[in-house]
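Asker: model the following, please.
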Amino acid sequence: MEPRYLLKYFTMLPVVATLAVIVLAVIFIELNYIFPGLQYGTFFHPLP
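Answerer: Next up, the predicted model:
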């Protein structure tokens, strides 16, 4: 592999990681907004 390609990949990695974290955070916030029970695990596993 060319060093230039690796350098480009490593400089893009932080940007991609930041975007992934932001997208995951947005998804979790939306899910908590739509299904408040998800936060406590009561949506999929109802408490007795």
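Asker: the helix or strand harbouring Ala25 - contacts with which helices or strands?
Answerer: Assessed by DSSP states H and E, Ala25 sits inside helix 3-34. Using 3 or more Cβ pairs under 8 Å, 6 or more residues apart in numbering; DSSP states H and E, no helix or strand is in contact with helix 3-34. For every residue, glycine as well, the C-beta is placed using N, CA and C.
Asker: in the protein, what spans have low per-residue confidence?
Answerer: Along the chain, the parts satisfying pLDDT under 70 run over 1, 36-48.
Asker: again, only using 80
Answerer: The chain contains residues with pLDDT under 80 at 1, 32-48.
Asker: next, count neighbours for Met12.
Answerer: By the measure other Cβ atoms under 10 Å, the count of residues near Met12 is 10.
Asker: next one: Arg4
Answerer: Neighbours of Arg4 under the rule other Cβ under 10 Å: 8.
Asker: any idea how far it is from Met12?
Answerer: Separation of Arg4 from Met12 (Cβ to Cβ, to the nearest Å) stands at 13 Å.
Asker: what about stretch 20-27, distance to the chain center?
Answerer: Averaged C-alpha coordinates place stretch 20-27 at 4 Å from its chain's average position (Cα atoms, centre = their mean, to the nearest Å).
Asker: pull the residues that contact it.
Answerer: For stretch 20-27, there are no surrounding residues in contact (Cβ atoms under 8 Å, 6 or more residues apart in numbering).
Asker: picking that back up, now do the shared contacts for Arg4 and Met12.
Answerer: With Cβ under 8 Å, 6+ apart, Arg4 and Met12 have no common neighbours.
Asker: any idea how far the helix holding Ala25 is from the middle of the chain?
Answerer: 7 Å.
Asker: list the buried residues in it.
Answerer: Neighbour counts using 16 or more other Cβ atoms under 10 Å place no residue of helix 3-34 among the buried ones.
Asker: separation between the residue nearest the centre of the chain and Leu31?
Answerer: Centroid check for the chain by Cα atoms, centre = their mean gives Leu24 as the closest residue, at 2.3 Å. Look at Leu24 and Leu31: by Cβ to Cβ, they are 11 Å apart.
Asker: burial count for Phe35?
Answerer: Neighbour tally, Phe35, other Cβ under 10 Å: 12.
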